[in-house]
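Engineer: Build me a structure from this.
(chains A and B)
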Amino acid sequence: MSDVTPIATALPQRMGSNAGQRATRRDGVAKVTGAATYAADNQPKGLLHAAFACATIARGRVTGLDVDAAKAHPGVVEVITPANRPALAADPDSKPMRFWFRTQVLQDDRVLYAGQPIALVLAETLEAATEGAALLAPTYAPEAPRIGLDEPPYTPEAVGIGAPAKVTKGDIEAGLAAAARRLEVTIETPAQYHNAMEPHAIVAEWQGDRLVIDTPNQAPVMAAAAFATWFGIAPQNVTLRTPFLGGGFGSKAVLSAPQILAALAARMVGRPVKMVLTRAQMFGPVGHRGATRQTLRMGLDGAGRFTALAHHTIAETASFDEFIEAASTPSRLLYASPAIATTHAAVVNDIGLPGPMRAPGEASGTAALEVAIDIAAEAQGMDPIDFRLLNYAETDPMTGNPYSSKALRECFAEGAKAFGWAGRPLAPRQMTDDRGMLVGWGMGTANFPCPMFESEARATLRADGSALVETSLIDMGQGAWTALAQIAADALGLGLDRIEMRGGASDLPDAGIAGGSGHTASAGLAIEGAGAEAIRQLAEIAAADPASPLYGTGNAGVVARGGRLHAAGDESRGESYAEILARADRTALSGQAKGVRDPAAAGAYAMQSHGAVFAEVKVDPELGQIRVSRLVGAFAAGRIINPRLAESQLNGGMIWGLSFALLERAEMDPRSGRLLNADLGEYLVPVNADVPSIQTLLVHEDDPHVNPLGIKGVGEIGTTGTAAAIANAVWHATGVRVTRYPIRLEDLMEGLA
Amino acid sequence: MKPFDYIRAESLDQALAEGGKPGTAYLAGGTNLLDLMKTGAARPERLVDITRLPGLDRWEWQDDGGLRIGAMVRNSDLAHDPDIAATFPAMAEALLSGASGQLRNAATTGGNVMQHTRCHFFADPASPCNRRAPGTGCAAQGGDRRGFAVLGGSDACIATHPSDLCVALAALDAVVEIAGPEGLRETPLADFHLLPGTRPEAHTQLAPGELIVAIRLPAAAAGFRHHARYLKLRDRTSFAFALVSAAAMLRIENGVIAEARLAFGGIAPRPWRSPLAEAALKGARPDAESFALAAEAALAGAAGHDAKIALAKRLAARALTHAAQGTPERVPALPGSVHRGETAHV
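Structural biologist: Residues are numbered from 1 along each chain as shown, chains lettered A, B, ... in the order given. Next comes the predicted model:
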């Protein structure tokens, strides 16, 4: 970090004419015409197809594989098992890098979860490879799997990615003892599996000791370094291309075993190899949102103020590494209380390793916390918004630091107004529609932190007056190709149409990880800096050139706009970038910069995005069939670079929240440790008919501290708060509190009867 | 998947000759068979494509007012014909409540009748399943029974039949026309699917090589067109199999039920017609009390999942109530749903 120069918060903000516009996707036409190529679209000459055999037991050993049968199948070229797998340079049981999980790359015959790859078949066609894998017909020595949250708990050192498992302040038991009212609720969230539209895929080709890879990845420079570590080659000998991702959501942030094995197979046979996971194979080796059981204990004084708030999470993790859903963390962030305890325990299950899934920690955590808050408001006889305002955190509840900005109050107000919240009866089961359906209104607070990742970018002004901006940006559907171009255009004083972006590859300046909702801020800051540096160099040339109308103006006195530099305060005195470069006999001029958050600001301020989600549901009074009829979300996430794309992300986030509330659940057979719905026919995500009218409001928020661009990020926050808003609305409609997600119609039957 | 031979049948005789050979499966829309071939649950050596057979891709109204539907008529075409929807409205609603638009465009009438259970263990070759691999056991018995049969199951198998269309067809007294080496024969659809008993692998009445060529709806079935509904409880509003569904049809004369039809989906190994409930309704007044009694009669003897049984009773009463209120003028925007569709404007 020492070689990084933070870009000071004093850098002037250019509020140009590009950022803030509802620009449509620059890659839109390429996508709808098929010109945009995804990893699996690549067909290098001599390609072999790879297919996995995956374990159908959850724990034990593989005792037999019919390799001869597979090899005898026409078209099969090679079968890779632990018996003949070539060596890897990295120990799969080690953790040599940050963001690295232990994994199963055929190092032995152990089966640690159902769905674990246990052999790889290479063939001339996908069909032959698939049949070859089926012909392996594995035999096992099975052991009884450990499944479910009732396994013995232990206290982990860290949760999520490096967050402390336990953070407390004050005396919880004293706070509860002193309370006028004590409440406790336990809420369960299920395992949810990554199912981006594009499954994990890779095309790997070795050129001598160079490895060329097409694979969807959210952090290509880091991933290239990880591949280099696995294969014992220099990072610059790995080229990873990932121009478009069909969704990432955290599952494509780190390498998965199937990708590593495909690259290994390509080296073994000396031909390019393509591997695409089947939909069923997505349920295991590529991470998932782990199941949780969360218990909230609340103490309230006579007025309804917290005297104590305790949030304890039990989460599942795997036997070979840890990823523990940090579900208690939202209780560190949202409410003022003299005593707060946020703790986690983990249980080892024989499952694939959980991992980050859109809003890891916050999605599951707010799904429980915001229901508990609704229960507390109900107990106090208060409107849920009034209760939240009474306990509003004016400063960070744990550290006491001020917020860099916090427009949550405005989110409540604007969301409530748009929804028509006023006049909502406090008691449940008070409203019906014209057809006798029970109607309920509920709300939940949305919350997500604003991390940034060190990023670097290069901006090149070209002789024709256009610009090339290079950084390993990642567009997984969120719109980075567009939003970052808008930032670049403003940084360079050019129109959007004069900006060429180069991204999505590992041989570019490192834009870090497109995750944590921090990509626009992180890569954007680097681009802003690179643009400023290019303009500075250009102005220096002009100001020192007696032939320039800008001669003698000095850098401070020059403004860049519309592809021209002109003297501050005198637009008639100036010239185009092209003219300056031509006279200086330069074909191009480059600025490069790193972007990183000012550590002083990071230490002084709490940095969080906030929102308020309002839901209306209708419930059949006898049958319990639930339908969400309206969603309104109001979000304050700092400066919005492209409202169209931001609203789209927030809509998508809320739809995922609906999925969390009512649909998504991996159904585990506890007897076998196998999933019963590892396909999109039975693992339910919302279809269009489930998605109601959604209104997304972008609440104005200026943040002078979070970064010089004032960007907080919108990638994940929509997924938080929404599940609880819907659960609370279901209670308001029916009077039934369902404390297990997803809420299903039979959960309401007894209470409705 | 396992390599297979593909034969495109040009005539019914050729199809029957090829289809009778061992290891052969007929291929129509492929919306179920191809899934099972991908999981390995089905491993045919030969596929006989019957989608080009002449004459099977159309329907014809019969002189007496009945309807003969060719086995290769696509679900979408059948559902969207206004005359058919007006005459057999519960069938149109059942069709549109099933699968997705893309699947309905591919799926055929005969294929819908022939589809397999969606039981996970049936589709997964690594699981025991008496239906797929006789004698291996039934993995479903010891697990969560929510998705399984509460009527008509056996110790050998508790899988449910997944079709929506067949529920309406059973209620409409549909007849299955079957071609085989011995010529044509026919059987009531309500008897076409076999209960599992001790031989769940048998699935249907079809002998090897036999082929469904048409489904016939008798003219009398049109008599229910003014009071017919198909309702479907499910976890997702569209593209989800029924937890419980019900087709309810009434013929009401002078304020009294002259004739009733009630059939269920999602609760039994075959589309489940309820003669006891129908008998209880005949001559009764179309009111809540009659419907509750009929629902009780329909679920008599049900076992395995109490909440599902209770839901089935409530759904039956609701479907009968909706039917009594009259068939909607158009198939609802959310077919089969108890909810009304709102206009989404994201």
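Engineer: if I've got this straight, residue A:61 is in a helix?
Structural biologist: No. Counting by DSSP: H, G, I helix; E, B strand; the rest coil, residue A:61 is not part of a helix but strand.
Engineer: what about it, distance to residue A:741?
Structural biologist: Applying C-beta to C-beta, to the nearest Å, the value for residue A:61 to residue A:741 is 35 Å. The C-beta positions use only the backbone N, C-alpha and C, and glycine is treated the same way.
Engineer: For stretch A:170-180, which residues meet the burial criterion?
Structural biologist: A:172, A:175, A:176, A:179 (16 or more other C-beta atoms under 10 Å in any protein chain shown).
Engineer: out of these, who's nearest chain B?
Structural biologist: Using C-beta to the nearest C-beta, residue A:176 comes nearest to chain B of those, at 35.9 Å.
Engineer: Now that closest one: phi and psi?
Structural biologist: Backbone torsions of residue A:176, given as degrees, to the nearest 10, read phi -70, psi -40.
Engineer: so it makes contact with residue A:296?
Structural biologist: No. Between residue A:176 and residue A:296 there is no contact under C-beta atoms under 8 Å: 11.9 Å.
Engineer: shared neighbours of those two, anything?
Structural biologist: residue A:310 (C-beta atoms under 8 Å, 6 or more residues apart in numbering or on different chains).
Engineer: Give me every residue in the stretch 51-200 of chain B lying close to chain A.
Structural biologist: Proximity of the stretch 51-200 of chain B to chain A, by C-beta under 8 Å from any C-beta of the partner chain, involves residues B:100, B:118, B:120, B:126, B:127, B:139, B:142, B:143, B:144, B:146.
Engineer: List, one by one, the residues from the stretch 201-350 of chain A near chain B.
Structural biologist: residue A:280.
Engineer: So, low pLDDT: which residues of the stretch 201-350 of chain A?
Structural biologist: Under the criterion pLDDT under 70, no range of the stretch 201-350 of chain A is flagged.
Engineer: quick revisit: looking at residue A:61 and residue A:741, which is more packed in?
Structural biologist: residue A:741 (27 against 14; other C-beta atoms under 10 Å in any protein chain shown).
Engineer: quick one: which of the buried residues of stretch A:170-180 sit in strands?
Structural biologist: In strands, judged by DSSP state E, none of these are found.
Engineer: Kindly present the residues you listed as TSV, with separate columns for distance to residue A:87 and pLDDT.
Structural biologist: Shown next, in TSV, are those (distance: C-beta to C-beta, whole Å; pLDDT from 0 to 100):
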residue	distance to residue A:87	pLDDT
A:172	52	98
A:175	57	98
A:176	57	98
A:179	61	98
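Engineer: Reformat these as CSV; add distance to residue A:430.
Structural biologist: Output for those, formatted as CSV (distance: C-beta to C-beta, whole Å):
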residue, distance to residue A:430
A:172, 35
A:175, 33
A:176, 32
A:179, 29
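Engineer: Give me the subset of those residues lying in helices.
Structural biologist: A:172, A:175, A:176 (DSSP state H).
Engineer: which of those lies closest to residue A:408?
Structural biologist: Closest approach between those and residue A:408, by C-beta to C-beta: residue A:175, at 23.5 Å.
Engineer: quick one: low-confidence parts of the chain?
Structural biologist: In the absence of a named chain, chain A is used. Answering for chain A: the residues below the bar, that is pLDDT under 70, span A:1-16, A:555-556.
Engineer: Switch to chain B, please.
Structural biologist: B:342-346.
Engineer: Just the element for the residue nearest the centre of it, please.
Structural biologist: The centre of chain B sits closest to residue B:166, judged by C-alpha atoms, centre = their mean, with a distance of 2.2 Å. For residue B:166, the host element (DSSP states H and E) is helix B:165-171.
Engineer: Given the host helix or strand of residue A:310, what are its sheet partners and their directions?
Structural biologist: Using DSSP H and E, residue A:310 sits within strand A:306-317. Counting by DSSP bridges, the strands paired with strand A:306-317 are strand A:292-300 (antiparallel), strand A:340-348 (parallel).
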